[in-house]
Structure formats: C-alpha cells, structure tokens
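Novice: coords below, sequence missing:
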C-alpha cells in the first residue's frame, strides 16, 4: 500500500495543492495558513449544516454539463466579456481586455504587478478571523487564473465574467481581484457554472467614495458544485453591492466577508436561491459575515430561498459591530418559503455588538406559502399554479429590489420567471 | 421554644408553623457546626463521590449512578462554544462536600463589610442582623436565636409557606421534599425519572452535577391535581449550607399543574466559585408546569473580582399530548452565566414558553437562552428574551428552534431584544433555526439598541435622577417578561433590575 492510499481525503487534497507561478510569497503564505487551519469537517461550527466532503475530495465528483435553452443572460447589455471554459481563459470568445478607466489583466499572465501583489490574498487573509475559511486559503494558494481589475474612473460598461462548463471532471480554481481607486465605479457581472467543481474567490477593495456593483447568476447545471468567496474592504463613503441568483446545482456554498473600515460607507449583500430537488439534489448555503469598524455605516443582508422537493437552504449571517463603530445601522433578513413537506431551511442569523449607539436588527422566517393569499388569488380566477408562481415572485422581490440598475433587475426577473414556469406543480 | 412568644405571629400563619421554623433554625445551626468538623478534602474523585452518597445515606443503586456519571465526566471537556471568557477552573481545587465559607476569613463586624453590599441589602429591606449573616460576618451564626428569628423575618415568611404547604400537599398526594429524601422515600419515582431528561453525560457540567450533587428539590404532582399554592425553594437557597450542586426533579403527572419558584431574592455573598445545577422536568399529558427563577448570585465586584460561575442545565420534557411548560428567568447575578432552559415538545399539541431577562453589568458575562425542540405535531413555542448590557459586560442570547420533519403544523415565535448602556459592553444574538417541514412556521426577530435619549430626557425632566430614569426605561423594556412572573416575584424582580444596573450610568 502506498502512503497516499492511507491518507484521509483532506490530507490527500492538501498533498495535491500545487502553487502556480506568480504571486509566490502570497501563495506560500496562503498554503501555510491552509496547512495550519486544515480543511473543515462536519464538526466545525460553520459547516454543521453543509457537508464539505465533496469540496475536500481530491477529485471532483463527475458532473454532466447542462444545455441551457434560455436566451443569453445579459445578452442585450453592452459589456466587456471575459470567458473561462472550465476555468481556462477563452481568448476567442472574450472581448479585448481594454476599456477606458479600467485596467484588466489576467492572473496567469500578470507577473508581479505592484497593486495586485499588494492585494492578492490580503483581504482573504484578513477574513480568516475570527472564523477560518479554508477553501478561500486553498484558492489563494492554487488559483490558476482569474482577472485583475483596477478601476480608476467610471467604467464605461460592465465587465462580464462568463464561466462555461464542458468537461465532466473539470475542477477550476479562479481568483479575481477588483481594486476601485478613489471615486471609481464599476459593475461586475458573473454567470455560468464554470465546471464540475468550482472554487472561486473575489477580493474587492473599494476606496473612498468608490462604488462597486456585483450581479451574479450561478449556472443551472444540476450536478455542479461550487464553493465561492467574496472578501471585500469598504472605505469611507464607499458603496459595495452584491446580488446572487442561484437555481439548481447539487451543492453551493457562497461566502461573503465584508469589512467596513471607512466612515459613512454602505455594504449591501442580497441573494435569491431557488431549489427543486426533483431535478437533482439541491443544497444552497449563504454564509455572510459583515464587520463594522467605522462610524455611521449601513449594512444590509437580504436573503430569500424558495425550496421544494427535498431542497435544503442554509443561511449563516453575522453582523459584527466593533467597539467604537457608533451610529451603525445593520439590517439582516433571511426568509425561506418551503413549497412542500420535504424541504428544509437552517438558519443562524447572528448579531455581535460591541458599541452602544447602534440600530441593529435581524429577522428570519420560515413557512409555507400563505394559504389566505393563495385563496384570494384563486377566488379571482387565477389557477393555483399561476397563483403560486405569483406569490413566489413577490416573496423573492425584496432581494431583487437590492439591485440598483433596472436593466439588471429585468434580466434577473426573466430568469426567475423562467425557473418558475419550468418548476410548476 | 422560648423564642416563639417573641415572634409576631402573622395572620394566616399558625403556631405550629412558627414552631417548625424555629426548630429548623436550631437544626440548621447544629448541622453547621457538625459540617465544619468534617469537611472533605478538596478535589473530586471516586472516594468523594462515594462520600457524598454515603453522607446522604443513599442506596447502592444511587451510588452506582453517581459513579457512572463521574466516569463519563472524566472523559469530557469543558464546552468552549459559548461567547464566554472563562478563566481556567481547576476542578480539583474545589470543595465538593464542605462549607467553603468556613474556609475563608470572615469579616469581624459589619464595619468590614463592603458598604455597597450593605446598601444593596438595605434597599431590599433586609434587616441588619440578616445582613450580617448574608455577608458572612464572623460570629453572625452566634447571634442569639431569638434575635435571629426576628431578623430572618423575610426568610421566615417563605419557610412558613413551604411548611404550610407540606400539610396541604400531603392531603392532595403531592410530594415535595429534598431530593435526598426522595431517594430514600420514593426510590421508584427517582429511579424512573432521574436522568431521563438530562442524562448523566448530557454535557460536562451536568455530568459533574450527576456525580456530586448534594441537595435539591423533588416534586411529584399526581394525576389531576392542581397545586393549591406555589412551590418555592427560597429557604433552601438561602440556607447557609446550600450545596454548590443542586439537582431538581419535577414530575407533573397527567392533567396536573404546578408553579415552581426558584431563587434567592436576597443577594448572597457566596465565596464558592462554582455552581453547576441540573433541573429536570417531566410533564405528562395535559399537565402544566411553570418554572420561575430569579437568579441573583454574587456577580463579582465592579473590577470583575470574584463572583459565581453559574453553569446550569435545565430541561423540560413535554412527554404527553397537550403538555405545557413555561420557563421564566430573571438573571441578574453571577460573574458567568451559562444557562439554556430548554423544552422538548414531544407530545402532540404541547407548548413551551421561555421568558428571560438577563442583565450583565460591570465585568459580568452571560450566555443564556433556550432550546425549543419540536417533535410532536401542532406544537407551539414562544421565546421572549430581553438582554441588558452595561459597564464592561458581555451578554449573549443563544437559542435553538428545531422543527422536526414530523412536527407538522407547529409554530414558533422568537423575539430577542438587547439594550446597551455604555460603549464598553457587548450584546450578542446567536440563534439556530432548523426547519424540516413546511406546514410549520418559524419567526425570529431581534433588535439591538441603546437606551433611548428622549425617554431618559422625559424622565429627567420630571425630576428623576439618571439612575432612576434608566431603571424605569429598562423596566419598561423588560415589561413582557416581568408580566410573566408570579406576582410576588415580579415586584422583587423590578427592584432587582434597578439594583443590578447601579453605577452603570454617569
């Protein structure tokens, strides 16, 4: 028997970590962090409801690519496309990576660019306290590609990251950096499944007065697995906004770690997840950690889940208000709609507050569709399936409202309606 | 007894009761002396467990039960998931069978007692002699018995309730006695129910308690009986020799009702550092139990020195259909509180309620909350938690609501509000919500804010000083929970709220 066969899956996984070229010191530091913290197990507090086994396994579980018959997402929108096919940059399908006010590089080709070297792995490392996030450290150590975006002015159009999935066993690891200089503004769009198992990280540094918008639609491939992380630092008067729509996918864990370090800043994170266990298992986990370390800042977390046929939804959200972060306004809502007896919702909405002059609240509700509302609609001649779809749509609307621009809201709504029409009854 | 004539006999208290109480006082005194002569050495091991068991005259099966718990405890670790900064506790450096008070140097007179402590006693209306006893002044035990009976009037009242109760209870067939007495007199009940809600190895502190518990209460209410009066452990808690490890077992048989009050309504200067209590409640079909606690152990001084570490496991099991339990707690004392009174809603249509006020001032740390485990159909639960943090204290609500797949058509409503007084303290909320069926509805709401300036200003404008104003606002904030307390507790709880927050403003 070889030594490899005696290893636990976590040990085998760690042994396989290779450090690609570029950002050597940052990658080695990340590997050190990862080795020290180890990969998570079910006994870890933040993995009690989501089984990390499939993320740890040395090889990904095979996942069949899925043919999407919907019109191209954001197809109508003028954008700069960057395409990754199973995690490999697709130059042909991508646009020229140049735009005024924006510098776009690729991780695999960048070498050591000053601003990127200073940022790469920094926010991820900061975000490892007080809760460790091993898959993020794994990503920093071994990411093979990604885009490095530096925004100096107002970007003329959104950067659209498109991830396609063609190989049944692809296991891409992508790491993006977005650095917004003072007063800059950009929208980053992301969509697609990316591979059989996708580990993706985005570090976002939002300088004073800058505005960052992020809209993400995770691919509809039923068998895909994804573990993603967003690590953001938000400075004075800056804005950070992120929205994610997830439908399908056997296993998704989206972590978002935001540090508000400047006064008068805003950070909003929202998500809508729709799961139907009939078309394949569905387990979706949103783990959000927002830290207020400045005065007069506002944060919002708005998460909605619609679950049916044994789908599972997890929400772990935290607002941490550090000493001195006075006049903080923190809001968090996590709600789920269980459309049948078999689905589950597990939530841990946390507040940890060390300053007194704050307004923080959180709410969490779980339940079935409102029978009274359903009856009302039916009594007015709306068929039951349509009435259900309408009520689901209105339930999810709060999260979609968090998207600032109408054209993106509309694109998301179209996708949502598509899901509802496919998953009636 | 010579003293009997000097005690003013109140209306409704008969002569027999007065005599009983006086006899108890005398007994207690003698017992104290005896214990001082034969305390066990520090530390816990099998011999100590056997010693405690033999002191309580326990049968072999009980000794074995304790030893089994001790064996499990040795393999367990202190839980570290709570948001508490617990200093290292050397479990071998504690007395498990002794009077810790006699081990320390006592103040020689009231002049040496912390004047703040005395001021607190005064506010609670405790007479001077009783203050001396509570403060552990040397020689206080030797105060003339007659004087003392007058002095312990407050305690006296409660004891009389307890003893009067015994006669009335006997008529109804209710058993209310100490747990050691129950082990002797009602082994079949104890055997059947002890450890059936909180098993020996449930958690670190419960295992320790199972091994070394020294005293506690036992209540059995037979089918269909409604307790005519409220039960209270008042006098036991106030007794100077209260064990550090209490074990309470309450059984409400089919269709019965009992309301149980636990706590010390006087702040007790207790030098013992560690308290690990276990309370088990079994509620059969159609029965109802109300359990109210006012916890006001010594919280440590304003510099965070001393105080009680309070590690408590309380759990109620609604075994029968339509069983109902209501926990109400006012937690104002202890340096560290680790306490989660829980409800297992096993029977269909059973109900659990949890009302809590937790106040942490100075360097106090509280991590408290509840668990509502919905297993039966159509079960209901309600959680109302009010946390108040002041000074440099940390206050955490930690709760779990779990809807089992079979617990259809169930309902939970949770509301936790936190109030912060000062910018050096912390208020935290850690709820776990697990919903595994869709006909149930779970709602959780939490808010955190500071004392409203407008409300304070309004009170100040009407001539209140700042402390009074804060106390009034805080009492308003806690209203929902105070209202859930039995009448006589509610009054004391209100003044406790004010006392606990002293020094937190300005």
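Specialist: In hand now; what should we look at? For clarity, every value in this text was computed on a predicted model and none was experimentally measured. Numbers count the residues shown, from 1 in each chain, chains lettered A, B, ... in the order given.
Novice: you'd agree residue B:92 is in a helix?
Specialist: Yes - assessed by DSSP: H, G, I helix; E, B strand; the rest coil, residue B:92 belongs to a helix.
Novice: quick one: secondary structure of the residue lying closest to it once chain neighbours are set aside?
Specialist: Closest residue in space to residue B:92, ignoring its immediate chain neighbours: residue B:43 at 4.1 Å, by C-beta to C-beta, 6 or more residues apart in numbering or on different chains. Any C-beta I mention is one placed from the backbone N, CA and C, and that applies to glycine too. Secondary structure for residue B:43, judged by three-state DSSP, is coil.
Novice: neighbours around residue B:43, how many?
Specialist: 14 (other C-beta atoms under 10 Å in any protein chain shown).
Novice: next up, phi/psi of residue A:22, please.
Specialist: The phi/psi pair for residue A:22 (degrees, to the nearest 10) reads phi 90, psi 150.
Novice: distance between stretch A:388-400 and the chain's centre?
Specialist: Distance of stretch A:388-400 from its chain centroid, counting by C-alpha atoms, centre = their mean, to the nearest Å, is 21 Å.
Novice: can that stretch be found next to chain B?
Specialist: No - judged by C-beta under 8 Å from any C-beta of the partner chain, stretch A:388-400 stays clear of chain B, getting no closer than 12.8 Å.
Novice: next, the buried residues of that stretch.
Specialist: A:388-389, A:391-392, A:395-396, A:399-400 (16 or more other C-beta atoms under 10 Å in any protein chain shown).
Novice: and which of the residues you listed is nearest residue B:90?
Specialist: Nearest to residue B:90 among the buried residues of stretch A:388-400: residue A:399, at 51.5 Å, using C-beta to C-beta.
Novice: OK, contacts around the closest one?
Specialist: By C-beta atoms under 8 Å, 6 or more residues apart in numbering or on different chains, the contact set of residue A:399 is A:243, A:270-272, A:302-304.
Novice: now do the strand or helix carrying residue B:177: which elements does it pack against?
Specialist: If you go by DSSP states H and E, residue B:177 is part of strand B:175-178. Packing contacts for strand B:175-178, counted by 3 or more C-beta pairs under 8 Å, 6 or more residues apart in numbering or on different chains; DSSP states H and E, involve helix B:153-172, helix B:179-185, strand B:217-221.
Novice: list the pairing partners of it within its sheet, with orientation.
Specialist: Here strand B:175-178 has these sheet partners by DSSP bridges: strand B:217-221 (antiparallel).
Novice: chain center to the helix or strand following the partner strand, what's the gap?
Specialist: Per DSSP H and E, the first helix or strand lying C-terminal to strand B:217-221 is strand B:231-232. Centroid separation between strand B:231-232 and its chain, computed with C-alpha atoms, centre = their mean, is 12 Å.
Novice: one more: stretch A:6-25?
Specialist: 24 Å.
Novice: ends of it, what's the gap?
Specialist: Start-to-end span of stretch A:6-25 (C-alpha to C-alpha, to the nearest Å) is 31 Å.
Novice: any buried residues in it, and which?
Specialist: Within stretch A:6-25, the residues scored as buried using 16+ other C-beta under 10 Å are A:10-14, A:17, A:19, A:22-23.
Novice: ok, so of those residues, who is nearest residue B:222?
Specialist: So of these, ranked by how close each gets to residue B:222 (C-beta to C-beta), first place is residue A:10, at 56.4 Å.
Novice: list the contacts of stretch A:41-53.
Specialist: Contact with stretch A:41-53 is made by A:9-10, A:39-40, A:131, A:135, A:251, A:253, A:283, A:285, A:287, A:314, A:316, A:346, B:81, B:434, as judged by C-beta under 8 Å, 6+ apart.
Novice: mind listing what's buried along that stretch?
Specialist: For stretch A:41-53, using 16+ other C-beta under 10 Å, the buried residues are A:46-50, A:52-53.
Novice: cool, and stretch B:214-231?
Specialist: For stretch B:214-231, by 16+ other C-beta under 10 Å, it's B:214-221, B:225, B:227, B:230-231.
Novice: stretch B:64-84 too?
Specialist: B:65-70, B:72-73, B:82, B:84.
Novice: those residues in helices, which ones?
Specialist: Among those, the residues falling in helices (DSSP state H) are B:65-70, B:72-73.
Novice: wait, which of these is closest to chain A?
Specialist: residue B:72 (19.5 Å; C-beta to the nearest C-beta).
Novice: which secondary structure element contains the residue lying closest to the closest one once chain neighbours are set aside?
Specialist: Nearest residue to residue B:72, sequence neighbours excluded (C-beta to C-beta, 6+ apart): residue B:201, at 3.9 Å. Assessed by DSSP H and E, residue B:201 sits outside every helix and strand.
Novice: how near is residue B:201 to chain A?
Specialist: From residue B:201 across to chain A, the span is 18 Å (C-beta to the nearest C-beta, to the nearest Å).
Novice: which residues touch the most centrally placed residue in chain A?
Specialist: Compute the mean C-alpha point of chain A, and by C-alpha atoms, centre = their mean the closest residue is residue A:254, 4.3 Å away. Counting by C-beta under 8 Å, 6+ apart, residue A:254 makes contact with A:218, A:226, A:228-230, A:244, A:246, A:271, A:284-287.
Novice: do the same with residue A:18
Specialist: By C-beta under 8 Å, 6+ apart, the contact set of residue A:18 is residue A:142.
Novice: where exactly do the strands run in the stretch 401-506 of chain B?
Specialist: In the stretch 401-506 of chain B, the strands defined using DSSP state E, counting those that start in this stretch lie at B:411-421, B:426-435, B:441-450.
Novice: interface residues of chain A facing chain B?
Specialist: So chain A meets chain B at A:45, A:49, A:323-324, A:326, A:336, A:338-368 (C-beta under 8 Å from any C-beta).
Novice: picking up where we left off before, and which of the contacts of residue A:399 is nearest to chain B?
Specialist: For the contacts of residue A:399, the nearest to chain B is residue A:303 (12.9 Å; C-beta to the nearest C-beta).
Novice: OK, contacts around the closest one?
Specialist: By C-beta under 8 Å, 6+ apart, the contact list for residue A:303 reads A:270-273, A:286, A:288, A:315, A:317, A:333-335, A:399.
Novice: so which of the residues you listed sit within helices?
Specialist: Among the contacts of residue A:303, the members found in helices (DSSP H) are residue A:399.
Novice: neighbour-wise, which one of the contacts of residue A:303 leads?
Specialist: residue A:273 (30 neighbours).
Novice: hang on, it packs against residue A:286?
Specialist: Yes - here residue A:273 reaches residue A:286: they are 7.3 Å apart, a contact under C-beta atoms under 8 Å.
Novice: apart from its chain neighbours, what residue comes closest to residue A:294?
Specialist: That would be residue A:263: by C-beta to C-beta, 6+ apart, it lies 4.7 Å from residue A:294.
Novice: check the one you found and give its pLDDT.
Specialist: pLDDT for residue A:263: 98.
Novice: count the neighbours of it for me.
Specialist: Neighbourhood size, residue A:263 [other C-beta under 10 Å]: 17.
Novice: residue contacts, it?
Specialist: A:236-237, A:294-297.
Novice: which two among those residues are spaced furthest apart?
Specialist: A:237 and A:295 (11.8 Å).
Novice: please enumerate the shared neighbours of those two.
Specialist: Shared contacts of residue A:237 and residue A:295, defined by C-beta under 8 Å, 6+ apart, are found at A:263-264.
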